[in-house]
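>>> Below are the sequence and a predicted model; questions follow.
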Amino acid sequence: MQVNPVLDVRDLSYSVAGRALLDGVNLTLPAGESLAVTGPSGSGKSTLLNCVLGLIRYDDGAVRIAGQDLAGLKPRNLARHRRDTMGMVFQFGELLPELTPVENVAMAALLAGVKRAEAFGRARRLLVDLGVPVEATPTAELSGGERQRAAVARALVNRPALLLADEPTGSLDTQNREAVAELLFSLPRTWGCAVLVVTHDESVAARADHRFALREGRLVAEDVPLSRGAR
Ligand SMILES: Nc1ncnc2c1ncn2[C@@H]1O[C@H](COP(=O)(O)OP(=O)(O)OP(=O)(O)O)[C@@H](O)[C@H]1O
């Protein structure tokens, strides 16, 4: 039994067009730990993340982030809770290409109400820590790996309790995939946050503290290391 998990999903169900994408999903994740959910394309991984983000109104069950049940929040408070507790990394980074990396990262802090000097200070420190060129160049000119590391910096700038990533290495070559996966799964130790990654890439998922597969709307534990030939 975990005490006050950062993420607590109970009996989550969601159907679309008569198909149960999520069918009684249970998931808990404390601070300082990572969890990966794998599953083939169309199995519902992004749908699960969207429920955790509060972007989808699920049919049944509960999602609690940092102790707060999302269903109990009005839209404005939900947006604030999301901003204050969660950071998100997307497959293609979703940064603004014409801005510099530091502007991209600082903007997320400015939108959260952080003062300008503090926002840019945090952004610079994070980018230096994550090995991204800070401001010499528009983000469009970064390499794919640098862009994803900048996206991680943006997701961290408001010091989230929970970092979510949807196919974060899906657009990267092998070398950058390894580096970004390594970075993501080191965040629980270095930043103390909980990390939830959804991916179809088993080699990325293998780095997580906990692994589950989404099969027919249910999460199945997959805690056997790949090297032992789980399947
Ligand atoms: N609003 C919707 N209306 C109809 N179908 C939907 C809707 N949302 C999701 N789906 C379908 O539900 C399934 C699951 O989608 P989801 O994006 O969650 O899968 P996924 O596992 O993340 O896939 P991928 O790995 O390709 O991103 C897909 O077949 C998708 O087309």
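Done, it's in. Residues are numbered from 1 along each chain as shown.
>>> Quick check: chain neighbours aside, which residue is closest to Val220?
Of all residues beyond its chain neighbours, the one nearest Val220 is Ala213 (4.9 Å), with distances taken as C-beta to C-beta, 6 or more residues apart in numbering. Bear in mind the C-beta positions are built from the backbone N, C-alpha and C, glycine included.
>>> List the contacts of Leu78.
Applying C-beta atoms under 8 Å, 6 or more residues apart in numbering, we find Leu78 in contact with 54, 70.
>>> Show me the strands in the protein, by range?
Applying DSSP state E to the chain gives strands spanning 7-16, 19-29, 34-38, 60-65, 68-69, 86-89, 162-166, 194-199, 210-215, 218-221.
>>> Take these and lay them out in a markdown table including mean pLDDT.
Listed next are the strands of the chain as a markdown table, based on pLDDT from 0 to 100:
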| stretch | mean pLDDT |
| --- | --- |
| strand 7-16 | 96 |
| strand 19-29 | 94 |
| strand 34-38 | 96 |
| strand 60-65 | 96 |
| strand 68-69 | 94 |
| strand 86-89 | 94 |
| strand 162-166 | 96 |
| strand 194-199 | 96 |
| strand 210-215 | 95 |
| strand 218-221 | 92 |
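>>> Of the ones you listed, which is nearest the ligand?
Closest to the ligand of those is strand 7-16 (C-beta to the nearest ligand atom; 4.5 Å).
>>> and this structure, which of its residues are near the ligand?
Within the chain, the positions lying close to the ligand (C-beta under 6 Å from any ligand atom) are 16-17, 21, 39, 41-47, 200.
>>> Report the buried members of the residues you listed.
By neighbour count, with 16 or more other C-beta atoms under 10 Å, the residues of the chain next to the ligand hold 21, 39, 43-47 as buried.
>>> How about the contacts made by the spatially most central residue of the chain?
Nearest to the mean C-alpha position of the chain, by C-alpha atoms, centre = their mean, lies Leu164 at 1.2 Å. With contact set as C-beta under 8 Å, 6+ apart, Leu164 has these partners: 49, 52-53, 86-89, 195-197.
>>> Please repeat the previous calculation with a cut-off of 10 Å.
Shown in contact with Leu164 (C-beta atoms under 10 Å, 6 or more residues apart in numbering): 7, 48-50, 52-53, 86-90, 155, 194-198.
>>> How many residues are close by the residue lying closest to Glu146 once chain neighbours are set aside?
In space, Glu146 comes closest to Val132 once its chain neighbours are excluded; the distance is 5.2 Å by C-beta to C-beta, 6+ apart. Around Val132 there are 24 other residues, counting by other C-beta atoms under 10 Å.
>>> Look at Val132 and report its pLDDT.
pLDDT, Val132: 88.
>>> Tell me how far it lies from the ligand.
Here Val132 is placed at a distance of 26 Å from the ligand (C-beta to the nearest ligand atom, to the nearest Å).
>>> Likewise for Leu126?
27 Å.
>>> Tell me, how many residues neighbour that residue?
Neighbourhood size, Leu126 [other C-beta under 10 Å]: 25.
>>> That one contacts Leu187, correct?
No: between Leu126 and Leu187 there is no contact under C-beta atoms under 10 Å: 11.3 Å.
>>> joint contacts of these two?
Common contact partners of Leu126 and Leu187 (C-beta under 10 Å, 6+ apart): 152, 155-156.
>>> Of these, keep whichever come out buried.
The neighbour-count test (16+ other C-beta under 10 Å) marks 152, 155-156 as buried among these.
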